[in-house]
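[1] Coordinates only, no sequence provided:
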């Protein structure tokens, strides 16, 4: 459900990418790339370290970074495994969001009139 917080273009790109990665993992017998391997390879690229001084990192920082990257890879693996349901909202929540959007539009129209 957190996916609704993404802007629509980002959501669409993420959905396409995760669907593709799921399809790649579907050929794991041929390519040896199950979702765990895909996540381990792509997590650093997709969610890499943005620190400018990464070269000067201490051993402690390196251990923390490896732990962080492993957790990110786990999250990416779950995202790939669950990509078919990741973008769906429960009907009641969709209705509530639509109602809220309609209410905002109505308020906007009244503010223009007044």
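    Yes, it's here. Since the structure is predicted, the reported quantities are computational estimates derived from the model, not experimental observations.
[2] What distance do you get for residue 58 to residue 77?
    Distance, residue 58 to residue 77, by CB to CB, to the nearest Å: 28 Å. Placement of C-beta: from N, CA and C, glycine included.
[3] any weak-confidence spans in the protein?
    1-2, 49-57, 107-114 (pLDDT under 70).
[4] mind redoing it with 90?
    1-11, 44, 46-69, 84-114 (pLDDT under 90).
[5] follow-up on the earlier one: more neighbours: which of residue 58 and residue 77?
    Comparing residue 58 with residue 77 by other CB atoms under 10 Å, the one with more neighbours is residue 77, at 21 against 8.
[6] nearest spatial neighbour of residue 18, skipping sequence neighbours?
    Using CB to CB, 6 or more residues apart in numbering and skipping the chain neighbours, the partner closest in space to residue 18 is residue 83 (3.8 Å).
[7] Contacts only, for the one you found.
    15, 18-19, 21-22 (CB atoms under 8 Å, 6 or more residues apart in numbering).
[8] Repeat the analysis, applying 7 Å as the threshold.
    Contacts for residue 83 (CB atoms under 7 Å, 6 or more residues apart in numbering) come out as 18-19, 22.
[9] Tell me which helix or strand residue 96 sits in.
    Per DSSP states H and E: residue 96 is located in helix 91-113.
[10] the helices in this structure, which residues?
    Secondary structure of the chain by DSSP state H: the helices cover 8-25, 28-31, 35-46, 59-81, 83-86, 91-113.
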